[in-house]
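>>> Provided below are the primary sequence and the corresponding predicted coordinates.
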Amino acid sequence: MAQRDYITRAGWQTLAAELDNLWRERRPHVVRELAAAAAEGDRSENAEYIYRKKELREIDSRIRYLRRRLDALTVVEPQGTSSDRVYFGASVEILDDADTHQRYRIVGADETNAATGAISMHSPVARALLGCQVGDEVVVETPGQRRYLSIESISYDDTEAS
């Protein structure tokens, strides 16, 4: 079964803003710099020209990727606003078996970020948490490890968007 490509509204807006920045600002700047480097003469030994060509290829590649990706993604609005169950887009505070508090935000694969606690809905932790309530205890099976987590709180505060 294929995994669905979901994303939060904030995540989609972040990718769309990156695409817009690349297309409207970064790419035109690099094209101008490339034209100036090309005007200097012999392109085979022109380091600035070679560098700008490579940079332009990378930008164009990222633009193509973002366009395809944004077309393939489905924006999902939070299902729960009453903070009663864990659904896509939820921020979940958990207590693990080492008495450590952690906060995870369940998001699409395109917006995961370990530094902010944004985890993919397809990750073992997120799969174990989805559908649970405050007070539920879950077991998470990861390669070589079994973790026991207790759900302390659930919120759908959009200001926590990654």
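Perfect, thanks for sending it.
>>> Can you give the distance from the longest strand along the chain to the centre of its chain?
Assignment by DSSP state E gives strand 145-155 as the longest strand of the chain. Here strand 145-155 is found 22 Å from its chain centre; the criterion is C-alpha atoms, centre = their mean, to the nearest Å.
>>> That strand: partners in the sheet, and parallel or antiparallel?
Next to strand 145-155 in the sheet, as set by DSSP bridges, lie strand 91-96 (antiparallel), strand 137-142 (antiparallel).
>>> Make CSV out of these and add mean neighbour count.
All C-beta spots, glycine's among them, are computed from the backbone N, C-alpha and C. Shown next, in CSV, are those (neighbours: other C-beta atoms under 10 Å):
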stretch, mean neighbour count
strand 91-96, 20
strand 137-142, 14
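>>> Would you reformat these as JSON lines and include distance to Val75 and mean pLDDT?
Putting the strands paired with strand 145-155 into JSON lines (distance: least, C-beta to C-beta, whole Å; pLDDT from 0 to 100) gives the following:
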{"stretch": "strand 91-96", "distance to Val75": "18", "mean pLDDT": "94"}
{"stretch": "strand 137-142", "distance to Val75": "27", "mean pLDDT": "91"}
